[in-house]
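[1] sequence first, predicted model second:
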Amino acid sequence: MSASTVPPLAIPPAMPVQRPRWRRRLRRYGPAWLGGGVVLLWILIAILAPWISPFPPDAQDVVNRLQPPGATHWLGTDVLGRDVFSRLLHGARLSLLAGFTVVLLGAAIGTTVGIVAAWARGFWDEALMRLTDLVLCFPPIILALAIAAGLGIGTQNTILAMLVVWWPKFARLGRALALVQRGQEYVEAATVLGLKPSRILGRHVLPNTLGPLAVLVTLDLGNAILTFAGLSFLGLGVVPPTPEWGSMVAEGRELVEQWWIAAFPGLAILTVVVGFNFCGDGLRDWLDPRARSR
Amino acid sequence: MDGTLPKREDAAGIAEPVLEVEDLHTVFLTDAGPVRAVDGVSFSVGPGETLGIVGESGSGKSVTALSLMRLLEEPARIIGGTVRFQGRDVLAMSGAELRDWRGDRAAMVFQDPMTGLNPVVRILRQVTEHMVSHGRQTPAKARVRAVELLRRMGVAAPERAAASFPHQFSGGMRQRVMLAIGVANDPVLLIADEPTTALDVTVQAQILDLLRNLNAEFGTAIILISHDLGVIGTVCRRVAVMYAGEVVEEAETGAVLTDPRHPYSWALVNAVPRLDSPAGARLTSIEGAPPDALNPPPACRFVARCPFAISRCGQEHPPLMEVAPGRRARCWVTADGRPLPPPPVAAEAAAREPEPDAPPLLEATGLVKHFPGARSSFFGPRAVVHAVNGVDLRLIRGESLGVVGESGCGKSTLARLVTRLHEPTAGSLRFEGRDITHASPAEMRPLRPRLQMVFQDPYASLNPRMRVRDILAEPLMAHGRAANRAEADRRVLELMGTVGLKPEWAARFPHEFSGGQRQRISIARALALDPALVVADEPVSALDVNVQAQVLNLMLDLRQRLGLSYLFIAHDLAVVRAFCDRVAVMYLGRIMEEGPAVALFARPLHPYTVALTSAVPEPGRERVILGGEPPSTLKLPTGCVFRGRCPIARPVCEERPPLAEVEAGRRVACHFPGEFAPLREMRN
């Protein structure tokens, strides 16, 4: 800042220009890309599981039970001699499916409830929001556990039970976002133009709430997968022979010597959850225009 | 203001300048390259001098101020030039030296009084803080001085105010506190960046008077930055006009106002309607937008928009040349000292003759809107916000009625009542003869096409996720005005032509447009359904003066071509006078005075209208400085709502005066209409 004889139309070379764009982006979005890669990898594995796994997931081989990781069984075998690697790959299918189903359906239901409450105000707002408060009073895992136990063991019932505890947070967020939208001048303008409420909500309110919703959905996917695995661990999620990460951890829980039975499914859960979290964080930064411009 | 401070002029001639800026260059480093925000600005300010910096948004005036104080952060960077403050090189100061200097010898007051004060620290601490930290005063002395400063800045009950928190103050009061902080250490130089832009006219007039007094009494040099030449004219002796990062003209303010020598100053001066300009005349506006600051054109930066451009303008970059004694301009056209011609006077608009016998298009009687406020305690009753308290309006087909008033007077609520975005608490509302006071949304829907609205904020009134084409086609499709999408698209292009938008912009999103263009889209959307009445809520208040002139001209055109009626809400009196046939002045949710626009502003009858018109920052206007601020809408005063601030209030004013017709076409809610005359008339 000291040079006083600077030619008016040139930046002196001594002044470094801003750090290159790719380096700023890498610092900002690096973890997000990593997380996205991990998630994508797991999705591919889930889709291709039947073709890429070396053994059928429920093929028992009692002679070779409790084998440590080796050349034939990369991640070893469990009590019934099933290949842990194959079961891990197949387990991705159910875990991801359950996660996506719960979060997407929960988000759809919850957001609808929230937007309707914000739009209707008065009685319906009070009624719907008190209902969400009621659900949110209970610890989610305990409530889901109770509902799932009542409905009976099985994947569908567990997903149903999770849905019951899952929608309220989206209802809260959806309502808050819709209330902000309600006050926007373009929503007032749409009213003045005489558009029907359904169109105003669908064309003007909903699209402008999708950004923050997408962030919560992404961050929540890991959470849902973890919860589903937790319920399976407790014996609710799946009927026994079905490969599922939570139930696999449960099977290896007491076999301290045979660490590979529980450790690898646990590691799988860890990578998926962290992957989704990195993804969600990156998405949030990217959608925040103030953070983005920097 | 011309020549009222001769002694300063003499002093400036010999004394060393307080601030000397030479060839200042500031850039913003972006991905696309350096943006030249300030590109070679030079000026100097002598002791006790007042300099105004004027320009539209993006002209670099605020960045200049921030550069002077070294307040810029990355990615902004000063890359050249010198700034000398009393001989010291500001650009070479270290962090410690800067801290020592800022707030001590040079102070700055910012635009937004709402965010300028720390919300969790009492006023007293905020005023004394830097007096003590700069070692100017002992804490005890600083407290005494702080209260004294607050009193001098016109803060009512300064002892009590000092113990309050910022949120207990209105915007005007906070700006006074900011000024008190600014001058606490007797700075040699005070930089004020748009200090009154967020304030109402009557409060603005008070603050500008304060600034003037500071300069006159203490000899503080002032740099006042504003987009409004009128504001600068009331405080500053000299003005620098900025355009695209450069100073394009520098001269005595009075000279620029009467005889601008740069076409851009010429456009700025003539784009603003004045209270004493001929009525009905169109405003002078220039087309186009400022040049790209990434790659400014090598020749004159204004050439593309200049109505006087000659061939040399497109080839050579003009330097800042002396065009007359004491005035410099960056223009080849006026380089030889010739003045610019006055703006063409547009042919008087054909006299609009609304038929007075025809049934009114819109009729409001005793319109009231109360909003529920906060509860005083958990079980306490809800407070009531009295936004609109009994408004009668009549709008005839083809007429445009202006509603003016300060913020909080209920004019925006009135707009939303008339368009039935809100439901009235009491009163009745008829549109085209039909009672719509309590019409349900479904009942309103078929009427909506006839009753449209243009909103204030061009950045918020368009859905950011829709293309212009879809924004404009939506109402057509929803009301079945177009059989299919192709027909709607044809009509959209027509509409875009009507409001002066290029057809190839149809596929763009709102964020790709400037404020003025967005307001055109808003207007096109309102016109899509062939309305009879357009309610415009401050449609130009967020725009630069030149863009404001363009949009107002467009709205005038449309009115004549399409036979529209307008309900025009605004706070700018001159704009309303230029635009409307009749005007209603609102205060605290009631109409104080109503009448034909020209007559009302020429001879206001209500004391509030007198004060309002006299507060307009036009140089040479005599002021009636109105004390205080509007009372809270939570608890309306009894009787005449204005009596608390009224200079001629008497005991009889405890009785509420009705809005009575005192002359043909003029209604006033005052017991003594016309008794309080503008000072100027009284003196003559």
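    The structure has been received and is ready for your questions. As the structure is a prediction and not an experimental result, all values here were calculated from the model.

[2] identify the residues contacting the residue in the stretch 151-294 of chain A that chain B sits nearest to.
    Closest residue of the stretch 151-294 of chain A to chain B, Cβ to the nearest Cβ: A:Gly194 (2.9 Å). Using the backbone N, CA and C atoms, a C-beta is placed for each residue, glycine as well. With contacts defined as Cβ atoms under 8 Å, 6 or more residues apart in numbering or on different chains, the neighbours of A:Gly194 are B:Met444, B:Arg445, B:Pro446, B:Leu447, B:Arg448, B:Pro449, B:Pro475, B:Ala478, B:His479, B:Leu529.

[3] phi, psi of residue 185?
    No chain specified, so I'll use chain A. With angles defined as degrees, to the nearest 10, A:Glu185 sits at phi -70, psi -30.

[4] my guess is it contacts B:Phe455. True?
    Yes - the criterion here is Cβ atoms under 8 Å, and A:Glu185 meets it with B:Phe455 at 4.4 Å.

[5] pick out whichever of these two has more residues nearby.
    Taking neighbours as other Cβ atoms under 10 Å in any protein chain shown, A:Glu185 and B:Phe455 compare with B:Phe455 leading, 26 against 20.

[6] how far away is the more buried one from B:Ala542?
    10 Å (Cβ to Cβ, to the nearest Å).

[7] B:His511 now?
    Counting by Cβ to Cβ, the gap from B:His511 to B:Ala542 is 15 Å.

[8] picking up where we left off before, mark which of the contacts of A:Gly194 are buried, thanks.
    Buried residues within the contacts of A:Gly194, counting neighbours by 16 or more other Cβ atoms under 10 Å in any protein chain shown: B:Met444, B:Arg445, B:Arg448, B:Pro449, B:Pro475, B:Ala478, B:His479, B:Leu529.

[9] how far away is the third one from chain A?
    Just to be clear, that refers to B:Arg448. Distance of B:Arg448 to chain A, given as Cβ to the nearest Cβ, to the nearest Å: 3 Å.

[10] so the closest residue to chain A within the stretch 101-250 of chain B bridges to which residues?
    The minimum distance from the stretch 101-250 of chain B to chain A, using Cβ to the nearest Cβ, falls at B:Glu246 (10.6 Å). For B:Glu246, the beta-bridge assignment (DSSP bridges) gives partners B:Tyr243.

[11] now do B:Phe568
    Under the criterion used (DSSP bridges), B:Phe568 bridges to B:Gly402, B:Ala536.

[12] so what's it up against?
    Shown in contact with B:Phe568 (Cβ under 8 Å, 6+ apart): B:Ser400, B:Leu401, B:Gly402, B:Val403, B:Ala536, B:Pro539, B:Val576, B:Phe579, B:Cys580.

[13] B:Val418 touches B:Leu362, doesn't it?
    Yes - look at B:Val418 against B:Leu362 with Cβ under 8 Å: they come within range, at 6.6 Å.

[14] more neighbours, the two?
    Neighbour count, other Cβ under 10 Å: between B:Val418 and B:Leu362, B:Val418 has more, with 27 against 23.

[15] contact partners for the more buried one?
    Going by Cβ under 8 Å, 6+ apart, B:Val418 touches B:Leu362, B:Ala364, B:Leu393, B:Leu429, B:Leu451, B:Val535, B:Leu567.

[16] now the one helix or strand B:Glu594 maps to: mean pLDDT?
    Per DSSP states H and E: B:Glu594 is located in strand B:590-596. Throughout strand B:590-596, pLDDT has a mean value of 92.

[17] what do you get for stretch B:95-113?
    Model confidence over stretch B:95-113 averages 85 on the pLDDT scale.

[18] for stretch A:109-118, same thing?
    Rounded mean pLDDT across stretch A:109-118 is 91.

[19] buried ones in the helix or strand encompassing A:Gly114?
    Assigned by DSSP H and E, A:Gly114 belongs to helix A:84-120. Residues A:84-96, A:98-99, A:101-103, A:105-107, A:109-119 are the ones in helix A:84-120 that count as buried (16+ other Cβ under 10 Å).

[20] and what of stretch B:169-189?
    Going by neighbour count (16+ other Cβ under 10 Å), the buried part of stretch B:169-189 is B:169-185, B:187-189.
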